[in-house]
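>>> structure, please.
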Amino acid sequence: MKSIWKIIRIALVAVGVIVLAAVVKLGLSGYELQVSGIKNQVIEIRFDRTNKVRYGEMVKLLREAGRYKADTAEVKINHIPYAERAEEIREYFCLDTLYDACASTWEKTLAIGKFVASNIPHDNQKEYPEYVNAIGLWEYTKTVAPAFNCRLHSILTYELLTAAGIKARYITCLPYDRNDNDCHVVNEVWLPETGKWVMIDTDMRRYITDKKGNLLSLAEIREHFINDKKIVVYYDFENPSSRISYYYAYMAKNTYWFCCWDNLGFYQEDYTTFPESKLKSREYALVPEGFETFSGKEITTHDPDQFWK
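Residues are numbered from 1 along each chain as shown. Predicted structure coming up:
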């Protein structure tokens, strides 16, 4: 009997050594993340060689970027109401069937995000839609091509969120390199329950939290990259994943500067239905000090409080 207990003690010690080694390894990696809602579970972000190098390069650019600072540019983003169009969209998409009436703002947002993502995959469409509005984009996927890019995803999602009574916007996220044409467009929604903006990406079917499970905005995601704070990416809007390291590198690249329209509403970029809307809207750009936008046509600010308010 004593020999059996001796064997058990030796086995337990061996297991303890293995566990300790694993913990040390995770602690040194710099990429371990505490998963919200799953007690004591740690996810190690599994960077492949290419994305690890790429991520490091992009974060270095963010850290070396000019500082944000208060300036005299006045950023005023107007949300233009259109009750009749909102009702038309709600009825066309049967939005009320996607979520419970008592659902929280984020629960409604997730339901709409899942609806868009599950019905329309990502693709760089060969033919740009003629009618760039929620109903026009939906009908485009049924008659012309089944998928489209991140900008069109974000416009569709923005209009559905707005029709559902959720304060939202879509933001163009851009890189430092003016020769890099691969920017990204995502949505942000205002959560009155917590008093903050948060990001949702229906094109890539993701959202991001900190290690405690707090939903993050684009501004917070950028700061987490710069300050080496841990983030959790939720794939398919449900599962925290360690196997999407390219998304970390991609978002680190595309959070160097940002653009948003000064007027936001239905038909925002539908220049077929409302050709004059292109003339009435201007773009604001939030850029680091010393950085010039690619086109030079945007109204620029270095003041994040002005831009993100």
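
>>> my guess is Leu137 contacts Asn149. True?
No - judged on Cβ atoms under 8 Å, Leu137 makes no contact with Asn149 at a distance of 11.1 Å. C-beta coordinates here come from the backbone N, C-alpha and C atoms, glycine included.

>>> looking at the two, which is more packed in?
Leu137 (20 against 15; other Cβ atoms under 10 Å).

>>> quick one: residues contacting the more buried one.
Shown in contact with Leu137 (Cβ atoms under 8 Å, 6 or more residues apart in numbering): Pro129, Tyr131, Phe148, Leu152, Ile155, Leu156.

>>> next step: those residues restricted to helices.
Using DSSP state H, the members of those that fall within helices are Leu152, Ile155, Leu156.

>>> wait, which of these is closest to Ile299?
Closest approach to Ile299 among those (Cβ to Cβ): Ile155, at 21.0 Å.

>>> what about the closest one, how many neighbours?
25.

>>> same deal with the one 5 residues further on?
The criterion is other Cβ under 10 Å. On that basis, Leu160 has 28 neighbouring residues.

>>> name the helix or strand for it, please.
Here Leu160 sits within helix 150-163, counting by DSSP states H and E.

>>> with distance to Asn179 and pLDDT added, can I get the ones in helices among the contacts of Leu137 in CSV?
As requested, those are exported to CSV (distance: Cβ to Cβ, whole Å; pLDDT from 0 to 100):
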residue, distance to Asn179, pLDDT
Leu152, 24, 98
Ile155, 26, 98
Leu156, 29, 98
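
>>> save those residues as CSV, and put in distance to Glu276 too.
Below are the ones in helices among the contacts of Leu137 laid out as CSV (distance: Cβ to Cβ, whole Å):
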residue, distance to Glu276
Leu152, 21
Ile155, 18
Leu156, 22
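
>>> which of those residues lies closest to His79?
For these, the closest approach to His79 (Cβ to Cβ) belongs to Ile155, at 14.7 Å.

>>> related to what we said a few turns ago, the contacts of Leu137: which two are farthest apart?
Maximum distance among the contacts of Leu137 (Cβ to Cβ): 12.5 Å, for Tyr131 and Phe148.

>>> give me the common contacts of the two.
Joint contacts of Tyr131 and Phe148 (Cβ under 8 Å, 6+ apart) are Leu137, Tyr140.

>>> for these two, indicate the residue with more neighbours.
Shown here are Tyr131 and Phe148; by other Cβ under 10 Å, Phe148 has more neighbours (25 against 16).

>>> for the stretch 201-309 of the chain, just list every one of the helices.
Remark: helices assigned in the stretch 201-309 of the chain by DSSP state H, counting those that start in this stretch are 218-226, 245-253, 277-280, 304-308.

>>> what helices or strands is the second one leaning on?
What that stands for is helix 245-253. helix 49-64, helix 218-226, strand 231-235 (3 or more Cβ pairs under 8 Å, 6 or more residues apart in numbering; DSSP states H and E).

>>> before we move on, what about the last one?
Counting by 3+ Cβ pairs under 8 Å, 6+ apart, the packing neighbours recorded for helix 304-308 are strand 283-286.

>>> tally of neighbours for Gly136?
Gly136, neighbours per other Cβ under 10 Å, totals 18.

>>> before we move on, the earlier item: which among the ones in helices among the contacts of Leu137 gets closest to Phe258?
Distance to Phe258 across those (Cβ to Cβ) is lowest for Ile155, with 16.4 Å.

>>> the closest one is in contact with Gly265, isn't it?
No - in this structure, Ile155 is not within contact of Gly265 by Cβ under 8 Å, at 11.3 Å.

>>> least trustworthy helix or strand in the chain by mean pLDDT?
Lowest by mean pLDDT, DSSP states H and E among the helices and strands of the chain is strand 32-34, with a mean of 36.

>>> which sections of the chain are below the confidence cut-off?
Under the criterion pLDDT under 70, the flagged ranges of the chain are 1-47, 241-243, 279.

>>> which residue ranges of it form strands?
Along the chain, counting by DSSP state E, strands occupy 32-34, 42-44, 78-79, 168-174, 184-191, 196-200, 206-210, 231-235, 239-240, 257-261, 263-264, 283-286, 299-301.

>>> contacts for the last one, please.
Translated: strand 299-301. Strand 299-301 has contacts (Cβ under 8 Å, 6+ apart) with Asp71, Ala73, Val75, Asp262, Arg282, Glu283, Tyr284, Ala285, Leu286, Val287, Thr293, Phe307.
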